[in-house]
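Novice: Fold the stuff below for me.
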Amino acid sequence: MGNSSKDDSASDGDTSSGDTPPSKSSLYSEGEKVLAYHGPRLYEAKVQKAELRKKEWRYFVHYLGWNKNWDEWVGVDRLMKHTEENVLKQQALDKKQGVDKNVKSGRSAQTKPKSSTDAKVEKEDLKNNVSKGKKRKSESGVEKDNVSLEKLVKIQIPSTLRKQLVDDWEFVTQQDKLVKLPRSPTVDDILTKYLEYRAKKDGMMTDSIGEILKGIRCYFDKALPVMLLYKKERKQYHEAVVDNVSPSTVYGAEHLLRLFVKLPELLAFVNIEEETLTRLQQKVLDFLKFLQKNQSTFFLSAYDGSKVSEGKGKGKDD
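Specialist: Predicted coordinates for the structure are as follows:
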């Protein structure tokens, strides 16, 4: 699992000298301001690297105003020159998608998670977000099969877990309490327990389940600091996750459950075949039922109020 547009990221990093290869000239130069497709909308971005790979130009872009976690390698089909004509096209797309006119540069929380990491969620939003399908794009940025895909990306969170999300929201945002870290069991522990549970039930260890759990772990580690924390949890995060430690070895079920509210939004940007997406949805629902079955064991019934004075009002956006 993962954003298919990041497939080349393993070969990026510091391997690039920063010099444009001497081959055929690139359409875009390093440092150039461009418009880049992400989902069905266009965003202002800056080309940070340009590399010729397998006779095709690849560009490492940073979305202006967004957390660097969203930086990615894209092909030429995802980019447009930053011209007046194309900016008008961007505005037209925003209007078509119903973006709030007050949102700067056409950025909308509906298409990309906010870089602020505040992740404010009202009680009703928690219930409504679960059923909201998100539109995917083809490589050219054109919407396709919206209706069927919106249905496919739907994840129904069991009612007792939805109540858990509301309680979680109230503990942190209304009562200024935090989940005491490190948690036990951790996210890693829970995923391992689920793998053992499935192996025992199915009488075998299936590769597909293992891959899905790896994907959930990967999504959790990347999404936690970007979109799963409330503002009041930021200080605690920076204290608890140090020296390249994976959040999945520190946090537990409370924060893992928040991921499934955001998962439809994340999956909307991954190029997955409909059939695969349906199977994935079924596996996710089975995992949520497992969480529900072990709710009293995995989740805290009360949060820690000892850090109220330290954390209150200290949270800040990155």
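Novice: how close does Leu257 get to Asp202?
Specialist: Taking Cβ to Cβ, to the nearest Å as the measure, Leu257 falls 24 Å from Asp202. The way it works is simple: take the backbone N, C-alpha and C, and place the C-beta from them, glycine included.
Novice: Which one's more surrounded, the two?
Specialist: Leu257 (21 against 10; other Cβ atoms under 10 Å).
Novice: In three-state terms, label that one for me.
Specialist: helix (DSSP: H, G, I helix; E, B strand; the rest coil).
Novice: Could you double-check that it sits in contact with Gln164?
Specialist: Yes - using Cβ atoms under 8 Å, Leu257 is in contact with Gln164, at 6.3 Å.
Novice: Now do the shared contacts for these two.
Specialist: Shared contacts of Leu257 and Gln164, defined by Cβ atoms under 8 Å, 6 or more residues apart in numbering, are found at Phe299.
Novice: can you map out the strands along the stretch 51-200 of the chain?
Specialist: 56-63, 72-75, 79-81 (DSSP state E, counting those that start in this stretch).
Novice: and Glu211, which of the ones you listed is closest to it?
Specialist: Within the strands of the stretch 51-200 of the chain, the stretch nearest Glu211 is strand 72-75; the backing value is 21.4 Å (Cβ to Cβ).
Novice: Can you lay out the strands of the stretch 51-200 of the chain as a markdown table showing mean neighbour count, distance to Asp189 and mean pLDDT?
Specialist: Shown next, in a markdown table, are these (neighbours: other Cβ atoms under 10 Å; distance: least, Cβ to Cβ, whole Å; pLDDT from 0 to 100):
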| stretch | mean neighbour count | distance to Asp189 | mean pLDDT |
| --- | --- | --- | --- |
| strand 56-63 | 19 | 34 | 91 |
| strand 72-75 | 19 | 31 | 89 |
| strand 79-81 | 18 | 42 | 93 |
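Novice: Let's have those strands in CSV, adding distance to Tyr28.
Specialist: Listed next are the strands of the stretch 51-200 of the chain as CSV, based on distance: least, Cβ to Cβ, whole Å:
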stretch, distance to Tyr28
strand 56-63, 6
strand 72-75, 10
strand 79-81, 6
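Novice: Which of those sits closest to Gln295?
Specialist: strand 72-75 (36.1 Å).
Novice: Describe which strands that closest one pairs with in its sheet and in which direction.
Specialist: strand 56-63 (antiparallel) (DSSP bridges).
Novice: Residues contacting the strand it pairs with, please?
Specialist: So strand 56-63 is contacted by 8, 12, 16, 26-28, 34, 36, 38, 43-52, 68, 70-76, 79, 112 (Cβ under 8 Å, 6+ apart).
Novice: hmm, which of these are the buried ones?
Specialist: Among the contacts of strand 56-63, those classed as buried by 16 or more other Cβ atoms under 10 Å are 12, 16, 26, 28, 34, 36, 38, 43-51, 70-74, 79, 112.
Novice: so Lys289 sits right up against Ser159, yeah?
Specialist: No - between Lys289 and Ser159 there is no contact under Cβ under 8 Å: 11.9 Å.
Novice: For the two, list the residues in contact with both.
Specialist: By Cβ under 8 Å, 6+ apart, no residue touches both Lys289 and Ser159.
Novice: Looking only at stretch 169-187, what residues are buried by neighbour count?
Specialist: Under 16+ other Cβ under 10 Å, the buried positions of stretch 169-187 are 169, 171-173, 176-181, 183, 186-187.
Novice: quick check, nearest of those residues to Lys235?
Specialist: Leu178 (9.3 Å).
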